[in-house]
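Engineer: predicted model and sequence follow; I will ask about them next.
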Amino acid sequence: MRHTISVLVENKFGVLARISGLFSARGFNISSLAVGETEDPTVSRMTIVVEGDEKTLEQIKKQLNKLIDVIKVVDYKEGAFLDRELILMKVSVTPKNRKEVLEAIESVGARIENAGSKSLSVEATGDQMKIKTLLELLRPFGILEVVRTGRIAMDTSDRGLKAEGKPEVNE
Amino acid sequence: MKMTGAQILIECLKCENVEVMFGYPGGVVLPIFDKLYDAPIKFILTRHEQGAAHAADGYARVTGKVGVCLATSGPGATNLVTGLATAYMDSIPIVAITGQVKSFLIGNDAFQEADITGITRPITKHNYLVEDVKDLARIVKEAFHIAATGRPGPVLIDLPVDIQQQETEFSYPEKVEIRGYNPTYEGHPGQIKRAAKAISESKKPILYVGGGAITSGASEEVRELAIKNGIPVTMTLLGLGAFPATHELCLGMLGMHGTAYANHAIMDSDLILAIGARFDDRVTGKIDAFAPHAKIIHIDIDPASVSKTVDVDIPIVGDAKHVLQVLIKSVKKPDTTAWLAQIGEWKKTYPLKYKDDEKLRPQYVVEQICDVTKGEAIICTEVGQNQMWTAQWFKFIKPRTMISSGGLGTMGYGFPAAIGAALGSPGVPVFDIAGDGSIQMNIQELATAVANKLPVKIAILNNCYLGMVRQWQELFYNKRYSYTCLEGTQPDFVKLAEAYGAVGMRITRKEDVRSAIEKALAIDNTVIMDFMVEKEENVFPMVPAGEAINRMIGGMA
């Protein structure tokens, strides 16, 4: 099972290494990891997509929380959040299939950023379904290159996710 | 007042009431050593940085205070690594200070440079590289706070030499504010109520007590809960001393080399109350077969320890002492008469035993040390058979008297830890029960012990083997003793002791054991007692790796 978790961390050097080191040391698999500064410049936000069952996820969250530089860990359950990924890709075209490729790209709302005679550079932003569909549609034409940012996610409630500090654990 | 970084460091240590620290000098810590020269802190020069880390650890375990060690950059820092990993696994509070090359040289492969914050990231609770002298006081304050609170552990501060020399205003912060760190001390009242109900309704309850109970100072509460309610107690290696071994409710240690009755009791129990213990694989054996009928209550200050290996029915995140104080009030005494009778039967049928003949057996040596000192001693161990025999045969009656590397299982830990322990508890006899293999891993610390007039008594259970590995080879590898025999290549430990200015004794007969121990205790110096014990004695009972813990070999199943 795939889980999307958001981690608010101190915006300091070495923190990314602590997080990635924790995953490798404990044998947890990271599918993607995206990181950037938040509205508060002292705080960075990581969105981590991980594979694992409920017990593994529970252990991941607990271990993340143990790190001193981790301020908050949020686990996004299916449906209750927005998730986006940016993908850049190069797909090969021939004079013969050019029209067909263009239609496929348009059908999922992706954009052509550069059109060459032998390839098209495509940009798309979207949730996992959209990215997956785009890749499946274009694969038959020959994908030359793919670059992905990894998923970022946010819930849609009226409250922002704030770094007010780690709450006490009371199970 | 303006001070240099080195001076600030010393002032901070004074503010933290550091009385003793352990370490070794080197190029990039010269500014710190210059300030130490006339500082009111007792500095113990070990003969290897690993010794300094273990000594700080032993000091911390005995006193309950934070142990402090200091080393130079590069090899000095990497030599601390085993000591930090040992402390991390056993949740021991240490602040380790390392020198680092000049800030602007970091990353240049400078002389004696090592990325020690990178290296120690997975074996410290937290670590710091100081980038600005203005941060130093805050960092030291935080380091001591993090090391000592919550689930304790080692914290490392890497301090570049140029920052040691830079000047700034010094003021020691009064408070620590770390938004990402807020350990939970009070257990959830609802959970405690549920736990109390479960205990009151149980018929075959057992307390499973680990090192966390000792860290939190909960021995009194453990005793009260057990004795008031007639609940038997078993302990992990690091839990020994939390409940007196001399009490009839005590089942001793459980697990791979635990007593048969402790293992049968936990497997047959209907309720386990785990207190500051983490269901380590050496305790549970085959995890799917562990305590199949038991409801499990787990008190632990570290949420990540709860339901990590064994699924827990009633988790209580909090400090053992705090939680037990509340819990005790609401437990109604369960009827454990039949249960205690059953345990009594197991005790009678499967007692801990060894062959009581004319031979000099290692278990006898441990028993005699216990008998001569009446259990009023601090016992450090190395790792292997010596450690397990100590756990089985020394009757620990007080917390913080059993000092051993449990989680990491570090050979060479015991002797330097004994040095730290001796400094932390003057007047109390301190032993290192060692093997002839382990003792050689930090033998250089004889110089430290003698130089500081520390009357540590080293009892080598000398079987001319790396005994525990030999035992596994005997039982599981057709007696193919691959590289475990030290016969004929041993140093003369008596002469070795004398070469360092310590006292050496060799004991070859059973009837001389007691008098040797008494004689050693009367000597106000470091003593090596080289006990030439039965060579192929095994530690029994034993649960083979991966078996259920009631499947013991050694005639106990």
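Structural biologist: Arrived safely, thanks for sending.
Engineer: only C-alpha atoms from now on, for both contacts and neighbour counts.
Structural biologist: OK.
Engineer: now whichever residue of the stretch 451-557 of chain B sits closest to chain A: closest residue in space, sequence neighbours ignored.
Structural biologist: Using CA to the nearest CA, the point where the stretch 451-557 of chain B gets nearest to chain A is B:G546, with a distance of 20.7 Å. For B:G546, ignoring the flanking residues on the chain, the nearest one in space by CA to CA, 6 or more residues apart in numbering or on different chains is B:K286 at 5.0 Å.
Engineer: if we can go back for a sec, distance of the residue of the stretch 451-557 of chain B closest to chain A from B:D281?
Structural biologist: Spatial separation of B:G546 from B:D281 under the definition CA to CA, to the nearest Å is 9 Å.
Engineer: could you find the closest non-adjacent residue to the most centrally placed residue in chain B?
Structural biologist: The structure's chain B has its C-alpha centroid closest to B:S404; by CA atoms, centre = their mean the separation is 3.9 Å. Closest residue to B:S404 apart from its sequence neighbours, by CA to CA, 6+ apart: B:T381 at 5.3 Å.
Engineer: now stretch B:245-260: buried residues?
Structural biologist: For stretch B:245-260, a neighbour-count test (16 or more other CA atoms under 10 Å in any protein chain shown) marks B:245, B:249-260 as buried.
Engineer: for stretch A:62-79, same thing?
Structural biologist: A:62-73, A:76.
Engineer: please enumerate the helices of the stretch 1-150 of chain B.
Structural biologist: Using DSSP state H, counting those that start in this stretch, the helices of the stretch 1-150 of chain B run over residues B:5-15, B:30-36, B:49-63, B:75-78, B:81-89, B:116-120, B:136-148.
Engineer: show the average pLDDT along the third one.
Structural biologist: For helix B:49-63, the mean pLDDT works out to 98.
Engineer: could you chop the chain up by domain?
Structural biologist: Let's take chain A. The record's domain split for chain A, according to automatic domain parsing, is A:2-76, A:82-148.
Engineer: ah, no, chain B please
Structural biologist: When chain B is cut into domains by automatic domain parsing, you get B:2-169, B:189-349, B:362-532.
Engineer: contacting residues around residue 122?
Structural biologist: No chain was given, so I picked chain A. Contact criterion CA atoms under 8 Å, 6 or more residues apart in numbering or on different chains gives A:L88, A:M89, A:K90, A:V91, A:I105, A:A110, A:R111, A:I112, A:E113, A:N114 as the residues in contact with A:V122.
Engineer: can you look at chain B instead?
Structural biologist: A:G21, A:L22, A:A25.
Engineer: tell me who's in contact with the second one.
Structural biologist: A:L22 is in contact with A:Q63, A:L64, B:P122, counting by CA under 8 Å, 6+ apart.
Engineer: can you give me the pLDDT of it?
Structural biologist: According to the per-residue confidence, A:L22 scores 93 in pLDDT.
Engineer: that's a strand at it, yeah?
Structural biologist: No. Going by DSSP: H, G, I helix; E, B strand; the rest coil, the assignment for A:L22 is helix, not a strand.
Engineer: the strand ranked longest in chain A - contacts with which helices or strands?
Structural biologist: Using DSSP state E, we find that the single longest strand of chain A is strand A:81-92. Contact here means 3 or more CA pairs under 8 Å, 6 or more residues apart in numbering or on different chains; DSSP states H and E; on that basis strand A:81-92 packs against strand A:119-126, helix A:128-138, strand A:143-148, strand A:152-155.
Engineer: on that earlier part again, among the contacts of A:L22, which one lies nearest to B:A71?
Structural biologist: The nearest member of those to B:A71, counting by CA to CA, is B:P122 at 19.2 Å.
Engineer: what's the first helix or strand after the helix or strand bottoming out on mean pLDDT in chain B?
Structural biologist: The element with the least model confidence among the helices and strands of chain B, by mean pLDDT, DSSP states H and E, is helix B:281-284, at a mean of 92. Sequence-wise, the next helix or strand downstream of helix B:281-284 (DSSP states H and E) is strand B:295-300.
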